[in-house]
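Peer 1: Pasted the sequence and its predicted model underneath.
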Amino acid sequence: MHDILFEPLTMGALEARNRIFMAPLTRGRSTQPGSVPNEMMATYYRQRANAGLIISEATGISVEGLGWPAAPGVWSEEQTEGWKQVTKAVHDEGGLIVLQLWHMGRLVHPDFLGGEAPVSASATHAPGHAHTPTGRQDYAPARALDKGEIARVVGDYAHAAGNAKKAGFDGVQLHGANGYLVDQFLRDGTNLRDDDYGGPPENRVRFLREVLEALAALWGTDRVGLRLSPNGETQGCDDSDPAATFGAAAKVCEDIGIAFLELREPGPDGTFGSTDVPKQSPLIREAYSGPLVLNSDYDAEKAADDISRGCCDAVSFGRPYISNPDLAQRIEQGAGFAPNVDVPKSWYLPGPEGYIDYPTLEEASALADG
């Protein structure tokens, strides 16, 4: 019934052994100070190397772009060395892993920036609260990047992508979703600019294009992916015409010829808010001819059905991979998914509990048998 999930998939230079991907999952376990990947993180990813492709947790490209407690970075030499043990662990298990490159834009609290204001496409103010080392705090007003600074941020992405290559990743994915910096440039609710980076969708995708081109110059187009969330409001980031905006973004992907495009389309109870906006994946499927990955609120049956019907080429599973390190094997054997325990408490707490202590199906059976 789920055989199609175990067919290999070629995405540019990336050869996935199955179509069950691990979605990016922020877990907040890096070593502080310094946001450095560590041995515990290597164990976590090794346990989940059964995925056809692992998309790493969102990883800060710079101090300016990272505003989540204990999330990892990839701008420093120490961070790059830390990631090497992660990529080796995955490769030793025959897995494939790409690094997701993240700039949070206006969602970085000044506490992470020495008191300075965060940056964004425009001078806007995100609603809600930031997670900081000292607890939840209101977001602060952002300042608009000028053109020279935009070029500098594109360079920060390129620097991080170069470090990802040194660290042994198989490719990179640009985080363009969920109301972070790239999304802030894409959507007209947060991009109020009147220059070449603002106005019509063709201008608002300019930043996205420049970053993807910079990544492709380092990696080749066949090892670069993108994540978008072409849905309604997310973390205060919204758009008046999602079809036009994300259709233009899909055209950029087609023009550049990236290896794969992942779309996050949450259901009514999804993280980052619910949406009544129609799904844009059919439109994007027409505009972008490369491999398409869908994400959010999937089980094995729905994943197999959507791939069979040509809606997508693979499905990335997020929360199921938290408590099911052997998710692909469970699906192959027709076994049920283990439930998440103490969620969301254990998602972001430091330490191994709720992180690397979930048993595989085989381990759980052995424990049950005594």
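Peer 2: Happy to help now that I have it.

Peer 1: Please enumerate the strands of the chain.
Peer 2: In the chain, strands defined by DSSP state E lie at 9-11, 14-16, 20-22, 54-60, 97-102, 119-120, 129-132, 135-138, 143-144, 172-175, 224-228, 260-264, 292-295, 314-317, listed in chain order.

Peer 1: Which other helices and strands does the first one contact?
Peer 2: Under the contact definition 3 or more CB pairs under 8 Å, 6 or more residues apart in numbering; DSSP states H and E, strand 9-11 sits against strand 14-16. (Each C-beta comes from the backbone N, C-alpha and C, glycine too.)

Peer 1: What strands flank the strand it packs on, and is each parallel or antiparallel?
Peer 2: Using DSSP bridges, the strands paired with strand 14-16 are strand 9-11 (antiparallel).

Peer 1: First-to-last residue distance for stretch 341-359?
Peer 2: Using CA to CA, to the nearest Å, one end of stretch 341-359 lies 12 Å from the other.

Peer 1: What lies in contact with the lengthiest helix in the chain?
Peer 2: As assigned by DSSP state H, the longest helix anywhere in the chain is helix 147-166. The contact list for helix 147-166 (CB atoms under 8 Å, 6 or more residues apart in numbering) reads 59, 61-62, 64-65, 74-75, 79-80, 83, 99, 101, 103, 119, 145, 172, 174, 181, 195-197, 207, 210-211, 214-215, 217-219.

Peer 1: do the same with stretch 359-370
Peer 2: If you take CB under 8 Å, 6+ apart as the criterion, stretch 359-370 is touched by Gln47, Pro325, Asp326, Gln329, Arg330, Gln333, Ala335, Ala338.

Peer 1: Tell me how many other residues crowd the residue lying closest to His109 once chain neighbours are set aside.
Peer 2: In space, and not counting its chain neighbours, His109 is closest to Ala130: 3.9 Å by CB to CB, 6 or more residues apart in numbering. Ala130 has 22 neighbours, counted by other CB atoms under 10 Å.

Peer 1: how close does Ala130 get to Ala338?
Peer 2: From Ala130 over to Ala338 the distance is 32 Å, taken as CB to CB, to the nearest Å.

Peer 1: how much space between the closest residue to Gly176 other than its chain neighbours and Glu254?
Peer 2: Using CB to CB, 6+ apart and skipping the chain neighbours, the partner closest in space to Gly176 is Val182 (3.8 Å). From Val182 over to Glu254 the distance is 17 Å, taken as CB to CB.

Peer 1: The two: who's more crowded?
Peer 2: Higher neighbour count among Val182 and Glu254: Val182, with 28 against 15, using other CB under 10 Å.

Peer 1: and the residue nearest to His109, what does it touch?
Peer 2: Contacts of Ala130 were listed using CB under 8 Å, 6+ apart, and they are Gly67, Leu107, Val108, His109, Asp111, Arg136, Gln137, Asp138, Tyr139.

Peer 1: Kindly tell me how buried the residue lying closest to the first one once chain neighbours are set aside is, as a neighbour count.
Peer 2: With CB to CB, 6+ apart as the measure, Val108 is the residue that lies nearest to Gly67, at 3.2 Å, once sequence neighbours are left out. Val108 is surrounded by 30 other residues when neighbours are defined as other CB under 10 Å.

Peer 1: before we move on, back to that, contact partners for the residue nearest to Gly176?
Peer 2: Applying CB under 8 Å, 6+ apart, we find Val182 in contact with His103, Leu174, His175, Gly176, Phe207, Leu208, Val211.

Peer 1: pretty sure the last one contacts Leu174?
Peer 2: Right, the one you point to is Val211. Yes - the pair Val211 / Leu174 is scored as a contact, 5.9 Å apart, by CB atoms under 8 Å.

Peer 1: neighbour-wise, which of the two wins?
Peer 2: Val211 (27 against 24).

Peer 1: so what pLDDT did that one get?
Peer 2: Note on Val211: pLDDT of 99.

Peer 1: ditto for Val341
Peer 2: In this model, Val341 is scored at 72, pLDDT.

Peer 1: now the one 4 residues further on
Peer 2: In this model, Lys345 is scored at 74, pLDDT.

Peer 1: Distance-wise, check Thr10 relative to Pro37.
Peer 2: Distance, Thr10 to Pro37, by CB to CB: 28 Å.

Peer 1: show me the residues around Ser30 that make contact.
Peer 2: Val36, Pro37, Asn38, Met41, Ala70, Ala71, Pro72, Gly73, Gly82.

Peer 1: can you pull up the bridge partners for the first one?
Peer 2: Using DSSP bridges, the beta-bridge partners of Val36 come out as Thr31.
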